[in-house]
Structures are given as structure tokens and as C-alpha cells.
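Asker: Okay, sequence plus prediction incoming.
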Amino acid sequence: MIEGVSHLADAVREHGRPLSVAVIGRPGTGRKTMVRALRRQLSLDARVAAEHMPLSGPDLWCHVLSGPPRAADLELAGRLPADRTVVVLTKADVYGPVPDISAPVFAPGASATAARCARELGRPVTPVSALWAVAAPTGPQVALLGALADAGERVPEVAGRFTMPSGVAGPSGVTGPSEVAGPTGVSGPPGAGGGGRDDEERLRIGLLRTMDRWGVELAIRAATDGYSAAGQIEALLHTASGIRSLADVIAGRASAVAGARTRALAVAAERIAARGIERAAAETLLADLGRAG
């Protein structure tokens, strides 16, 4: 015991802390978005892996892929502990439209790519959309989606063209296809009286940034089917993201995580006992760990 601090108690508290996840992968694979998705959907203590983080640092590693594995991914997979690693194809939404919004699953291309990744890495790979998992459409965005659905508009193959306003919605609501409401609520020609086309363009750009092409397409289809509230479309995107399926994958790593924590606690207890600090308590804990093992 030094200055009233119990080192053994600290070690025991560390052993019982919430599950920690380090998200790792090549730059540009969506690590930060994946962290947000894990925090928001699974309430995990997730963060981007620090450079040179020791393998014993986090409880669990989340290896992020954006497509078929490259040499750096293969090298990384060879270093990470297989029993404490989950691998995700985090941009599964880019492979095409969701076939059925009543039971949303990714397009076949996503599953095929995830299967290829699994073969090349020798580990299971779960397709997810971290982007959809953190989507939070606003009221004005949902109003625009409804207007697009009513107008029969879809996202073109060149998604950038979607950002060009067509006059379907004004800055504060939905208008006819050829008019945009001005700041006083009086309809006028597109762009008249308050930058209605600019507002529509910003809404369109925001939709692409937060949902990407096929997410916007999914949301328009949902609006066509009567989804009129932001919460409805948000829930649909979160379900379609596949992030919640990771809960079962992570649960399958629980035994390995528990074993790693127990080994770390035993090492800490041995060091405390060797220093003569709280020796009796440390030796009792070691005996208990031995019996539990």
C-alpha cells in the first residue's frame, strides 16, 4: 500500500470495466464512423486504435475493411488475436439497392464481397453500413424525401447529379414540382425571394453525405411506402445497417475476452505480491483465480 492507494483494488476494477473496442484498419476505411456506430447502436466503449497500441490494450479489436483485403489488411489480420477480433466490411451499402425494405438486407454484392474477404483473411467478415447506423435524418430532409417520392424522382447513377435542385421542395416544406416557397410562405418560381433552390441543394447534399446513394434511394422508397416521420426512416436505416448483428458476433468473443482479462489480473496480482505490497491479498486473489481457472 502506498499513500493509501490500493493497487490491487485498481487492478480488480480494471478487470471489471466495460468492454473496450479498438477500431483498426487502413486510412479511408471509415474507422471514425465505425466508432460512432458501435457507440450509438451497441453502447460500446469504442475508439480508433492508437498508433502502436499493444495487443493487450483493448478487450476486442474491430478490423475495418472497405472492400477486398489489401496487403496491409492481410498483414494486420496476421498480427491481431483471432479470438478477440471481429472483422467488418463497413461500407456494405455501396454495393447496390436493398432488395426489400420490409426485411432489409444488403445487395448480393455486399455478401459476395464479405465472403471473399473471409476466404482471403481466414476469418468471418460481417457486412455492415456504419454510415446508415449513425444516420439521423432531419425534418426538412424527410420533407424533401417525401417530395422526391411524390415526384417519382430517384438517385441517378452519377450520384452527384442528385444534388442539382429540381424545385420539388422549398426551405421550409414541400411545394409543387415547379415552385419553391419563399421566406414568407408565398410560392414563386425556383430561386425567387429567398434562395429556395439553394436550400434544396443543401438538403440534397446533406442526404448524400449522411446516407450515400443507396441509403437515399432506400429512404425515398420508404417515403413512397408511407414513411413520413424522421424517426421511421432513421429506424429503417439503423436496422438495414446490420450493426446490431455484431452483438452476436461480439458475444461469441466473450470467453476469450474474459480469459485475457483474467490473465492480465493475474499478472498484476503477481507483480503486487512480488513487491511486497498487499502480498496476502494478492496471493489470495491468485489462489482464487487458479481455482476459477
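Answerer: Structure received.

Asker: Now residue 66: closest residue in space that isn't a chain neighbour?
Answerer: residue 29 (4.2 Å; CB to CB, 6 or more residues apart in numbering). Where you see a C-beta, it was placed from the backbone N, CA and C, and this is true even at glycine.

Asker: What separation is there between that neighbour and residue 49?
Answerer: 12 Å (CB to CB, to the nearest Å).

Asker: Run through the stretch 101-250 of the chain and note the low-pLDDT ranges.
Answerer: Residue ranges of the stretch 101-250 of the chain with pLDDT under 70: 169-195.

Asker: returning to that earlier point: sec struct for the residue nearest to residue 66, please.
Answerer: Classification of residue 29 by DSSP: H, G, I helix; E, B strand; the rest coil places it in coil.

Asker: close enough to count as contact, it and residue 87?
Answerer: No. Counting by CB atoms under 8 Å, residue 29 does not reach residue 87; the two are 11.4 Å apart.

Asker: shared neighbours of the two, which are they?
Answerer: Residues touching both residue 29 and residue 87 (CB atoms under 8 Å, 6 or more residues apart in numbering) are residue 65.

Asker: Near the residue nearest to residue 66, how many other residues are there?
Answerer: Counted with other CB atoms under 10 Å, the neighbours of residue 29 add up to 22.

Asker: list the contacts for it?
Answerer: 64, 65, 66, 90, 91.

Asker: Okay, buried residues for stretch 239-256 please.
Answerer: For stretch 239-256, the neighbour count (16 or more other CB atoms under 10 Å) marks 240, 241, 242, 243, 246, 250, 253, 256 as buried.

Asker: so when I look at residue 23, I'm seeing a helix, right?
Answerer: No. Residue 23 is assigned strand when assessed by three-state DSSP, not a helix.

Asker: quick one: contacts for it?
Answerer: Residue 23 makes contacts with 31, 34, 35, 38, 46, 47, 48, 49, 62, 64, as judged by CB under 8 Å, 6+ apart.

Asker: Would you mind measuring from it to residue 109?
Answerer: Taking CB to CB, one finds residue 23 at 24 Å from residue 109.

Asker: Okay, buried residues for the helix or strand where residue 150 lies please.
Answerer: Using DSSP states H and E, the element containing residue 150 is helix 139-151. Residues of helix 139-151 classed as buried under the neighbour-count rule (16+ other CB under 10 Å) are 140, 141, 142, 143, 144, 145, 146, 147, 148, 149, 151.
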